[in-house]
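S.K.: Sequence below, structure please.
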Amino acid sequence: MFDVDSLNPLARRTWTALIGARPEWAELLGTCGEDDLELAIAAPAGSNAGYLVVFTVQGKDLWIRFSPPRMCYSVDDETEMLDVIDQILAETVLFAVVMRGDGWVETTLIRRAVPTDVPQLGPNEVAHIVSWSGNYDETIQPGESV
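M.R.: Residues are numbered from 1 along each chain as shown. I've put the predicted structure just below:
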């Protein structure tokens, strides 16, 4: 059984915001570490996202991520968290991870269908774009656009 009283203050506020916005997720909420929160929502079949995960770290940081490596995005507070979740699920924003060979360069969210929102790529860099449904996934090379 999930015990909200065992959570740190940030995790408790996050839990309250998530349950207020999406009560159907209540049974998916759990703890991470001693007193942090973690929520994992399975992506639709055929998606490369794996899971949409919301979690707190040491009661100080709030993150949203997909399952693939390096697809992690920090949010400032519960309001931004809910806004970003809504945009991810509506696929108005997509995760973008820029790599140079095997090295990570950056992770960001981009607005779908806004070509100028694609990360600027340097030599030998590639952007891996991952959407919630998988319908908008692609790999971008320098000089290409979404």
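
S.K.: Local confidence estimate at Q141?
M.R.: Looking at Q141, its pLDDT is 83.

S.K.: list the contacts for the closest residue to it other than its chain neighbours?
M.R.: Of all residues not flanking Q141 in the chain, V126 sits nearest, at 6.1 Å (CB to CB, 6 or more residues apart in numbering). Every residue, glycine included, has its C-beta placed from N, CA and C. Shown in contact with V126 (CB atoms under 8 Å, 6 or more residues apart in numbering): 98-100, 139-141.

S.K.: next one: G46
M.R.: If you count contacts by CB under 8 Å, 6+ apart, then G46 has 133-134 around it.

S.K.: tell me the pLDDT at it?
M.R.: Looking at G46, the pLDDT reads 91.

S.K.: Let me know the secondary structure of it.
M.R.: Under the three-state scheme (DSSP: H, G, I helix; E, B strand; the rest coil), G46 adopts coil.

S.K.: Next, give phi and psi for it.
M.R.: Per-residue torsions, G46: phi 90, psi -10 (degrees, to the nearest 10).

S.K.: Over to the one 4 residues further on?
M.R.: In this entry, G50 is assigned phi and psi values of phi 80, psi -80 (degrees, to the nearest 10).

S.K.: Could you count how many residues lie near it?
M.R.: Neighbours of G50 under the rule other CB atoms under 10 Å: 15.

S.K.: the helices in this structure, which residues?
M.R.: 9-21, 78-90 (DSSP state H).

S.K.: Point out the most buried one among these.
M.R.: Mean neighbour count (mean count of other CB atoms under 10 Å) peaks for helix 9-21 among those, with a mean of 17.

S.K.: From L109, how far off is the residue nearest to Q141?
M.R.: Distance, V126 to L109, using CB to CB, to the nearest Å: 17 Å.
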